[in-house]
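Colleague: Model the structure of this input:
(one chain, ligands or ions: 2)
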Amino acid sequence: QVKYRPFPTIDIPDRTWPNATITKPPRWLSTDMRDGNQSLIDPMDSVKKNRFFDLLVKVGLKEIEVGFPAAGATEFDFIQNLVRSGRIPDDVIVQVLTQSREDLIKRSFESLQGAKQAIVHVYNAVSPAWRDIVFKMSKDEVRGIAEAGAKVIRDEAAKYPDTDWHFEYSPETFSTAELDFSIECCEAVMQILQPTPERPIILNLPATVECATPNVYADQIEYFCRNLPNRDSAVISLHTHNDRGTGVAAAELGVMAGADRVEGCLFGNGERTGNCCLVTVALNMYTQGVDPGLDFSNIDEVIETVEYCNQIPVHQRHPYGGELVFTAFSGSHQDAIKKGFEANEQQNDQYWRVPYLPIDPADLGRNYEAVIRVNSQSGKGGFAWVLEQDRGLKLPKRMQAHFSKAVQRMADETGRELNAADIWDAFQHEYHLS
Ligand code: KIV
Ligand code: ZN
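Modeller: Numbers count the residues shown, from 1 in each chain. Ligands and ions are numbered 1, 2, ... in the order given. Below is the predicted model of the structure:
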C-alpha cells in the first residue's frame with residue numbers, strides 16, 4: 001500500500017504542457033561507481049568500490065555500472081575480481097562503459113570474462129560542438145565511429161558465448177545534438193546489433209551537460225521515442241546531469257515523456273554538478289502513488305556508506321536524506337507538526353498527513369524525536385513535545401505558557417539549540433525541583 005496520497009492533476013483547458021504523471025517506476029541504473037567515481041578527487045579503491053557495490057545491491061539496484069575497465073589497471077582488476085568474487089547476485093547485472101574504439105571495447109570484454117550476464121555500454125559524442133571542435137569530423141564520420149564500435153561489440157560478444165550479453169549505446173551529448181542525427185546514429189547501431197523486443201538494446205540519451213529547461217529535454221525524449229524506427233526493440237534510458245540544477249526534474253519529465261530507464265547516482269554525485277540524484281527521483285515517485293522498488297528504509301546507513309566511499313558529505317538539506325530535513329525550528333511549524341502527529345495517531349488516516357512533513361521520517365528509518373528542536377526561534381509546542389517524549393511529562397496549557405518564558409530566556413542567553421537535558425534542567429530550576 002502506498003502511504004502517500006497521489007497528487008491530483010489539474011485540468012487546464014488548452015494547456016501547452018500535457019497533464020502527465022508517472023504511472024510506473026522506471027528501470028534504474030546506478031552509475032555511482034563509474035560517472036560518480038570518475039568525478040571524485042580521490043577515486044574509490046577496491047575496498048570502497050566493493051562496499052559501494054554491496055550497498056547498491058542492498059538498496060535493490062538491479063543494473064549497476066561498475067566502471068570503465070579500459071581506463072587502467074585499477075579499474076580492470078577491480079572488475080575482473082568482482083566478476084570472480086561471486087558477490088554479484090543472479091538478478092543483478094553489471095555494466096561497463098567504453099568509448100567506441102576497438103582496443104578499448106576488446107579490453108572491456110576481457111574484463112568481464114566469466115560473468116554470467118553483463119551490459120557493455122559504448123558511447124561516442126554526436127553534437128556539433130564535439131564534431132567540429134573536438135574531432136573535426138563530418139556527420140558521416142561520427143556515425144561511422146558508432147557503426148565501427150557496434151561491429152566490434154557484435155564480434156567480441158561471439159567470442160565469449162558463456163556470457164549473456166546486453167548492449168547499451170549512448171549518443172553522448174544527445175541533448176545538444178540534432179535529434180534526427182542522434183536517431184540516425186542509434187538506428188545504424190541497431191542495424192548492426194539487430195535487437196528485438198525480446199532482446200532490446202538500451203539507448204541511453206544523455207544530457208551530458210544540462211543546457212536547457214527540463215521540459216526541453218522531455219520534448220527531445222518524446223520526439224526520439226516517436227521517431228525511432230523499431231522503438232519496441234529499444235529500452236530508452238535517461239542520463240541527466242545537473243548543471244542548471246534541474247537534473248532530477250529533467251529525469252522525471254523524461255520518464256513522463258516515454259523513457260523506460262533512469263541512470264544516476266545516490267545523492268547526485270557525478271561529473272561537475274553531478275548526475276541526477278537517484279534517491280530523490282526514486283522517493284519522489286511516492287507523490288505520484290508509485291512505489292519506486294528501491295529500499296531507502298535505512299537512509300542513514302545509505303548516507304554513511306556513500307559519504308565514506310565518496311568522501312563527500314551529503315548536504316544537510318539534501319531532499320530526504322539531509323540531516324535537517326525532518327527538523328522544524330520555528331514555533332508555528334513545531335506546533336503544526338505536533339498536532340499532525342496527534343491527529344495521525346487518533347484518526348489512523350490511510351494517507352500520511354502531517355503539516356510540514358511531506359514524508360514520514362520513520363519510512364526512512366529516522367525517528368520522531370529528532371523532528372522537533374528547540375532554540376530561540378521556536379515556540380512552546382517544541383519544548384512541550386520534547387518534555388513529553390523525553391520525560392513523559394505532559395504540561396497543562398497554562399504551565400506551558402509560563403515555562404515558555406524560561407525556555408526562551410535560556411535559548412536567548414546560550415544562543416544555541418537546547419537539547420532535552422537543557423530543557424529538563426530549566427524545568428527543575430524554574431519549579432525548584434532540584
Ligand atoms: O554524461 C554522459 O554523457 C556520460 C556518457 C558517457 C553516458 O556519462
Ligand atoms: Zn554522465
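Colleague: So whatever residue of the stretch 1-150 of the chain ends up closest to ligand 1, which state does it fall into?
Modeller: Residue of the stretch 1-150 of the chain nearest ligand 1, by CB to the nearest ligand atom: Tyr123 (4.5 Å). Any C-beta I mention is one placed from the backbone N, CA and C, and that applies to glycine too. Under DSSP: H, G, I helix; E, B strand; the rest coil, Tyr123 falls in the strand class.
Colleague: and the closest residue to Leu418 other than its chain neighbours, what is it in contact with?
Modeller: Among residues not flanking Leu418 along the chain, Val374 sits closest, at 4.6 Å (CB to CB, 6 or more residues apart in numbering). Listed by CB atoms under 8 Å, 6 or more residues apart in numbering, the contact partners of Val374 are Gly382, Phe383, Val386, Val407, Ala411, Glu417, Leu418, Ile423.
Colleague: what ranges do the helices span in the stretch 1-150 of the chain?
Modeller: 37-38, 46-59, 73-85, 102-111, 128-129, 139-159 (DSSP state H, counting those that start in this stretch).
Colleague: any bit of the last one sitting next to ligand 1?
Modeller: No. Shown here: helix 139-159 not in contact with ligand 1 (CB under 6 Å from any ligand atom), separated by at least 12.7 Å.
Colleague: following that helix, which helix or strand comes up?
Modeller: Downstream of helix 139-159, the first helix or strand assigned by DSSP states H and E is strand 164-172.
Colleague: Give me the sheet partners of that next one and which way each runs.
Modeller: Sheet pairing here is set by DSSP bridges, and for strand 164-172 it gives strand 117-125 (parallel), strand 201-207 (parallel).
Colleague: Just the ones in helices from the contacts of Val374, please.
Modeller: Gly382, Phe383, Val386, Val407, Ala411, Ile423 (DSSP state H).
Colleague: For stretch 359-367, list the C-alpha coordinates in PDB.
Modeller: Only the C-alpha atoms of stretch 359-367 are listed here, as PDB (Å, rounded to 0.1, in the frame of the first residue of the first chain):
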ATOM      1  CA  ILE A 359       7.100  12.100   4.300                       C
ATOM      2  CA  ASP A 360       7.000  10.100   7.500                       C
ATOM      3  CA  PRO A 361      10.600  10.100   8.800                       C
ATOM      4  CA  ALA A 362      10.100   6.600  10.100                       C
ATOM      5  CA  ASP A 363       9.800   5.400   6.500                       C
ATOM      6  CA  LEU A 364      13.500   6.300   6.000                       C
ATOM      7  CA  GLY A 365      14.500   4.900   9.400                       C
ATOM      8  CA  ARG A 366      14.500   8.300  11.100                       C
ATOM      9  CA  ASN A 367      12.700   8.700  14.400                       C
END
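Colleague: I am finished for the moment; much appreciated.
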